[in-house]
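Undergrad: Sequence first, then the predicted structure, then my questions.
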Amino acid sequence: MSYQARPIEIMVVEDNPGDVRLIREALADSKILNKMDVAVDGEQALASLQSAERLPDLILLDLNLPRMDGQEVLRQIKADDRTKRIPVVVLTSSRSEEDIARSYGHHANCYVSKPLGLQQFAEAVQSVERFWFSIVTLPAEADAIEE
């Protein structure tokens, strides 16, 4: 299935309203039709995934979250047969080697440190979206595939 046949579903797990706004604006400026849902903490993200009729095509995950940190959210997403195939991009301000190693250890699909400038931040989000939906080939329905 072509992602342009329907809007791509992007879950953003981010507690900073300013970063959510920047991500929303960057995605709105994209040439790829998308729909963005936001979870403001790890527990809300997991509850949303568990109750979702249709899973997101991509998750943008901050590590510094209230109630449940991003590493635990990532670990649980990748441990669940229903959600483990969803690409998870860690999008965080941390540049810590430990956070990077732990994220990949929990099977993050990529790790992006948030740029400091507004324009660079928008470009990073748009690059992530273009990469996952213009370059990479993903299964049509990640939640419908049996092993």
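TA: Done, it's in. Residues are numbered from 1 along each chain as shown.
Undergrad: Give the other helices and strands that the helix or strand bottoming out on mean pLDDT in the chain contacts.
TA: For the chain, scoring each helix and strand by mean pLDDT, DSSP states H and E identifies helix 118-130 as the least confident one, at a mean of 83. Counting by 3 or more C-beta pairs under 8 Å, 6 or more residues apart in numbering; DSSP states H and E, the packing neighbours recorded for helix 118-130 are helix 17-28, strand 58-61, strand 88-92, strand 110-113. The way it works is simple: take the backbone N, C-alpha and C, and place the C-beta from them, glycine included.
Undergrad: can you put these in a markdown table and add distance to Val136 and mean neighbour count?
TA: Supplementary listing: those in a markdown table, determined by distance: least, C-beta to C-beta, whole Å; neighbours: other C-beta atoms under 10 Å:
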| stretch | distance to Val136 | mean neighbour count |
| --- | --- | --- |
| helix 17-28 | 17 | 16 |
| strand 58-61 | 10 | 26 |
| strand 88-92 | 11 | 24 |
| strand 110-113 | 10 | 16 |
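Undergrad: quick one: which helix or strand includes Leu49?
TA: Taking DSSP states H and E as the definition, Leu49 sits inside helix 42-51.
Undergrad: what is the rounded mean pLDDT of that helix?
TA: Taken as a whole, helix 42-51 has an average pLDDT of 97.
Undergrad: Just the buried residues of that helix, please?
TA: Residues of helix 42-51 classed as buried under the neighbour-count rule (16 or more other C-beta atoms under 10 Å) are 42, 44-46, 48-49.
Undergrad: Go through those residues and say which is closest to Arg102.
TA: Checking the buried residues of helix 42-51 against Arg102 with C-beta to C-beta, the nearest one is Gly42 at 14.7 Å.
Undergrad: quick one on the thing from earlier: want to throw the helices and strands packed on helix 118-130 into JSON lines with distance to Asp80?
TA: Below are the helices and strands packed on helix 118-130 laid out as JSON lines (distance: least, C-beta to C-beta, whole Å):
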{"stretch": "helix 17-28", "distance to Asp80": "24"}
{"stretch": "strand 58-61", "distance to Asp80": "12"}
{"stretch": "strand 88-92", "distance to Asp80": "12"}
{"stretch": "strand 110-113", "distance to Asp80": "20"}
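Undergrad: could the ones you listed be laid out in TSV, adding distance to Phe131 and mean pLDDT?
TA: Shown next, in TSV, are the helices and strands packed on helix 118-130 (distance: least, C-beta to C-beta, whole Å; pLDDT from 0 to 100):
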stretch	distance to Phe131	mean pLDDT
helix 17-28	14	91
strand 58-61	10	96
strand 88-92	9	95
strand 110-113	8	92
